[in-house]
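Engineer: heads up, no residue letters with this:
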């Protein structure tokens, strides 16, 4: 029985069209980048076989190859854009659309210059191979080991990329060579084209799993982070402290930060201004704490900062830097300037029996700071009780000697 490639192409278009429709309707249940990712993948599933069908039906009229090759190239572009929406990595649209325009331009030029020659698909195959390999790289970009969905996409896109490039390589062989003769036969060329387009569609299940992973990551982030400031929640902080071993926390410092007179800010200017104050204080804390610190919102106007590998003197220095940065960020509301102040209590992990005791020691130091007039920094059970100012003065004296 003779295999008709155009019939196979039409049947594949119908089958993948059904899968594309299912993905499109599934995308309507989501929003944002996940919706766009699923819609791009569904477009890719449909564009590829439509392009293949147009090329099979082109016959002797070469200009039918133009939309066919453009659709096939666009399908590979859509695969890459779909994964890029989820991983955040990939070439910009200007480059991707430029490649499509290049394929279209060369196809048109070939049809005009050599109207009696059979249309070639070597350059299109080369471009599609590069796009499929870029899709595999994009799926592997999120930090950590790729999960199941990403692995499926990596394998499907990688295999498709190799098939496209192998096809291009055979078509670029010198005329008369066995590989070139094999690939330029009508049946081999059609089936290799269809196979190269069919393989990425096997990654559809992987894309759905990647979307599910993304949703779970988003839910986990929302559960662990305060929606107002972006700081860790109290529960997330306690969970992380519980997972740290004594050897890991031995040289860590914990700062408990409280905004002075915060209730009066809410009462006088409203909760919108109070929310802005919380965000400003959190930003100042992050600036002073550094990129390695853990920052958490512990209560209404209380924050916790965990400083890794930090001495007592360094903990006090950073706390005073926080104090200064907060005071330098006045708020403006109802034509008034609102000065913000914080009190800070610090404790060292090595002085505590467990995380709860560590936080309790910092809370006692904070109470002492509040009792002594607020806008102060106190360190619990410092082994070296010299105030930071005295330490800095001694350092200046040493440099001047």
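Structural biologist: Perfect, thanks for sending it. Computed from a prediction, not measured in an experiment: that's the story for all the values here.
Engineer: quick one, strands of the stretch 201-350 of the chain?
Structural biologist: Under the criterion DSSP state E, counting those that start in this stretch, the stretch 201-350 of the chain contains strands at 253-259, 294-297, 302-307, 331-333, 336-338, 342-348.
Engineer: wait, which of those strands is closest to residue 10?
Structural biologist: Among the strands of the stretch 201-350 of the chain, strand 294-297 comes nearest to residue 10, with 58.6 Å by Cβ to Cβ. (Glycine included, C-beta is placed from N, CA and C.)
Engineer: and residue 15, what does it touch?
Structural biologist: With contacts defined as Cβ atoms under 8 Å, 6 or more residues apart in numbering, residue 15 has no neighbours.
Engineer: residue 341 and residue 261 touch, don't they?
Structural biologist: Yes. Residue 341 lies in contact with residue 261 (Cβ atoms under 8 Å); the separation is 7.3 Å.
Engineer: hmm, back to that, closest one to residue 373 among the strands of the stretch 201-350 of the chain?
Structural biologist: Checking the strands of the stretch 201-350 of the chain against residue 373 by Cβ to Cβ gives strand 342-348 as the closest, at 9.0 Å.
Engineer: now that closest one: average pLDDT?
Structural biologist: When pLDDT is averaged along strand 342-348, the result is 93.
Engineer: and the angle for it with strand 253-259?
Structural biologist: For the pair strand 342-348 and strand 253-259, the angle between their directions (axes from the mean of the first three to the mean of the last three Cα atoms, to 10 degrees) equals 160 degrees.
Engineer: name the helices or strands packed onto strand 342-348?
Structural biologist: Applying 3 or more Cβ pairs under 8 Å, 6 or more residues apart in numbering; DSSP states H and E, we find strand 342-348 packed against strand 253-259, helix 312-327, helix 355-371, strand 377-379.
Engineer: which of the ones you listed sits closest to residue 6?
Structural biologist: Closest approach to residue 6 among those is made by helix 355-371 (69.2 Å; Cβ to Cβ).
Engineer: list the buried residues for the closest one?
Structural biologist: Judged by neighbour count (16 or more other Cβ atoms under 10 Å), helix 355-371 contains these buried residues: 355, 358-366, 369-370.
Engineer: what of stretch 18-31?
Structural biologist: By neighbour count, with 16+ other Cβ under 10 Å as the criterion, the buried positions of stretch 18-31 are 19-20, 23-24, 27, 30.
Engineer: what is in contact with residue 341 and residue 261 at once?
Structural biologist: With Cβ under 8 Å, 6+ apart as the test, residue 341 and residue 261 both reach residue 374.
Engineer: the longest helix in this structure is where?
Structural biologist: helix 32-58 (DSSP state H).
Engineer: how close does the residue lying closest to residue 180 once chain neighbours are set aside get to residue 120?
Structural biologist: In this structure, residue 180 finds its nearest non-sequential neighbour in residue 173, 4.0 Å apart by Cβ to Cβ, 6 or more residues apart in numbering. The spacing between residue 173 and residue 120, counted by Cβ to Cβ, to the nearest Å, is 12 Å.
Engineer: quick one: the residue nearest to residue 274 when sequence neighbours are not counted from residue 275, how far?
Structural biologist: What sits nearest to residue 274 in space, not counting adjacent residues and going by Cβ to Cβ, 6+ apart, is residue 266, at 4.1 Å. Applying Cβ to Cβ, the value for residue 266 to residue 275 is 9 Å.
Engineer: the two - which one has more neighbours?
Structural biologist: Neighbour count, other Cβ atoms under 10 Å: between residue 266 and residue 275, residue 266 has more, with 16 against 13.
Engineer: okay, domains of the protein per the record?
Structural biologist: Domain segmentation of the chain under automatic domain parsing yields 5-222, 227-400.
Engineer: so which bits of stretch 340-355 are buried?
Structural biologist: Judged by neighbour count (16+ other Cβ under 10 Å), stretch 340-355 contains these buried residues: 340-349, 352, 355.
Engineer: before we move on, back to that, need the helices and strands packed on strand 342-348 in JSON lines (columns: distance to residue 193 and mean pLDDT).
Structural biologist: What follows is those, written out as JSON lines (distance: least, Cβ to Cβ, whole Å; pLDDT from 0 to 100):
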{"stretch": "strand 253-259", "distance to residue 193": "63", "mean pLDDT": "94"}
{"stretch": "helix 312-327", "distance to residue 193": "62", "mean pLDDT": "92"}
{"stretch": "helix 355-371", "distance to residue 193": "61", "mean pLDDT": "92"}
{"stretch": "strand 377-379", "distance to residue 193": "71", "mean pLDDT": "91"}
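Engineer: compile the ones you listed into CSV and extend it with columns for distance to residue 336.
Structural biologist: Formatted as CSV, the helices and strands packed on strand 342-348 follow (distance: least, Cβ to Cβ, whole Å):
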stretch, distance to residue 336
strand 253-259, 17
helix 312-327, 16
helix 355-371, 25
strand 377-379, 27
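Engineer: out of the ones you listed, nearest to residue 209?
Structural biologist: Once Cβ to Cβ is applied to these, the stretch that comes out nearest is helix 355-371, at 35.8 Å.
Engineer: elements contacting that closest one?
Structural biologist: When contacts are defined as 3+ Cβ pairs under 8 Å, 6+ apart, helix 355-371 packs onto helix 234-243, strand 253-259, strand 342-348, strand 377-379.
Engineer: flag every buried residue along the last one.
Structural biologist: Within strand 377-379, the residues that qualify as buried by neighbour count (16+ other Cβ under 10 Å) are 377-379.
Engineer: that older thread, in TSV: the helices and strands packed on helix 355-371, plus distance to residue 160.
Structural biologist: Formatted as TSV, the entries for these read as follows, by distance: least, Cβ to Cβ, whole Å:
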stretch	distance to residue 160
helix 234-243	40
strand 253-259	52
strand 342-348	56
strand 377-379	60
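Engineer: the ones you listed: which one's closest to residue 45?
Structural biologist: Of all those, helix 234-243 sits nearest to residue 45, with 39.1 Å by Cβ to Cβ.
Engineer: quick one, that closest one and helix 355-371 angle?
Structural biologist: Using the same axes, to 10 degrees: helix 234-243 against helix 355-371 is 120 degrees.
Engineer: and helix 234-243, what does it pack onto?
Structural biologist: With contacts defined as 3+ Cβ pairs under 8 Å, 6+ apart, helix 234-243 has these neighbours: helix 204-224, strand 294-297, strand 302-307, helix 355-371.
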